[in-house]
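>>> predicted coordinates and the sequence they were generated for:
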Amino acid sequence: MSALLEAKGVSVTFKAYGDEVKAVQNVDFLLPKGKVVGIVGESGSGKSTLARVLSGLQIPTAGEVIYMGRNIQEGKQTYKGDLRKAVQMVFQDPYSSLNPRMRILNAVAEGVLQHQTKDKEKAREIALQLLKRMGISEIDASKYPFSLSGGQRQRASVARALTAQPKILIADEPTSAIDQSAQSQLLELFGELINDGLSIVLVSHDLGVIRYLTDYVYVMENGIFVESGETKQIFDKPAMPYTQKLISSIPGHKKAK
Ligand SMILES: Nc1ncnc2c1ncn2[C@@H]1O[C@H](COP(=O)(O)OP(=O)(O)OP(=O)(O)O)[C@@H](O)[C@H]1O
Ligand SMILES: [Mg+2]
């Protein structure tokens, strides 16, 4: 299967207070078209850093990211020109993708204006439809981010990302900090987006979510992929003790049938 997005030999080293943190070390990653690929691992294992590299927000110390056969990096810039809209990221903290001083509807309409139409009235209409599809009512859409629930905020930031009509969505812990029912709403939504042909990179330390949504999984420990494979295979027969430990920590975990 052809790769839509690919990382080759990606490393990220941070320098902090004279120390070096090797957040990501020589990682190869592949997202085939129309698939959902998960990245799992303990806190601090490098998942968000890799997600930022894939979305072009973080320039790797070494290695490269290739989108549809093209290196995303030109000089110090990434996803230039027509590639700019193709890959959108939903952040671990939805506050980072939503302007706190902007009503949700305006924030999403702004995205539509930027990417789809110059007609303000039409942009508002499209934004409202998009938010409705995410399960956010017109009343909630008129609120500021701080007066939404965590789950609504996360769904609003997915709506904001979708205004660019991306080919790839990179979602970093989209279900963290929300309760079970908000989680299932968001998961349902991802299911619909996948059916629509969106390819997704899903970063999560919640293996229940990963198991439910992904086709393929990379398991990350201390910046390294220790294991990867088809989701079913990873959950049925994890090869590495680290993966076994992660899987056995799923609440209510039962061995696969
Ligand atoms: N800007 C930065 N400067 C210095 N160190 C950083 C920076 N960003 C991340 N790190 C370090 O890199 C490592 C990986 O962090 P990262 O945020 O990628 O982990 P994560 O797997 O997403 O964790 P979590 O599950 O808690 O979100 C950590 O040791 C972190 O402290
Ligand atoms: Mg993270």
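Looks like it arrived, so ask away. Ligands and ions are numbered 1, 2, ... in the order given.
>>> from residue 82, how far off is the residue of the stretch 151-257 of the chain found nearest ligand 1?
For the stretch 151-257 of the chain, the nearest residue to ligand 1 under the criterion C-beta to the nearest ligand atom is residue 205, separated by 5.0 Å. (Glycine included, C-beta is placed from N, CA and C.) Counting by C-beta to C-beta, to the nearest Å, the gap from residue 205 to residue 82 is 34 Å.
>>> what's the answer for residue 149, then?
Going from residue 149 to residue 82 by C-beta to C-beta gives 36 Å.
>>> interface residues of this protein facing ligand 1?
Along the chain, the residues adjacent to ligand 1 under the rule C-beta under 6 Å from any ligand atom are 14, 16, 21, 23, 41, 43-49, 92, 205.
>>> of these, buried ones?
Burial by neighbour count, 16 or more other C-beta atoms under 10 Å: within the residues of the chain next to ligand 1 this picks out 23, 41, 45, 46, 47, 48, 49, 92, 205.
>>> which of those sits closest to residue 116?
For residue 116, the nearest member of those is residue 92. The distance, counting by C-beta to C-beta, is 26.4 Å.
>>> I figured that closest one hits residue 171, correct?
No: taking contacts as C-beta atoms under 8 Å, residue 92 lies outside contact range of residue 171: 9.2 Å.
>>> now do the shared contacts for those two.
Counting by C-beta atoms under 8 Å, 6 or more residues apart in numbering, the contacts common to residue 92 and residue 171 are residue 203.
>>> on the three-state scheme, residue 45 is what?
coil (DSSP: H, G, I helix; E, B strand; the rest coil).
>>> just name the shakiest helix or strand of the protein by mean pLDDT.
Counting by mean pLDDT, DSSP states H and E, the weakest-scoring helix or strand in the chain turns out to be helix 180-195, with a mean of 82.
>>> ok, residues contacting that helix?
Helix 180-195 is contacted by residues 34, 36, 133-135, 149-152, 154-155, 158, 162, 169, 171, 174-175, 178, 200, 202, 209, 212-213 when judged by C-beta under 8 Å, 6+ apart.
>>> centroid residue for the protein?
The centroid of the chain falls nearest to residue 171 when counting by C-alpha atoms, centre = their mean (1.4 Å).
>>> check which helix or strand that residue maps to.
When elements are assigned from DSSP states H and E, residue 171 belongs to strand 168-172.
>>> again, but for residue 48
Counting by DSSP H and E, the element that carries residue 48 is helix 47-54.
>>> kindly report the same for residue 14.
Residue 14 is part of strand 3-16 when elements are defined by DSSP H and E.
>>> and the angle from that strand to helix 47-54?
Orientation note: strand 3-16 sits at an angle of 120 degrees relative to helix 47-54 (axes from the mean of the first three to the mean of the last three C-alpha atoms, to 10 degrees).
>>> please flag which of the contacts of helix 180-195 sit within helices.
Mapping the contacts of helix 180-195 onto helices (DSSP state H) picks out 133, 150, 151, 152, 154, 155, 158, 162, 209, 212, 213.
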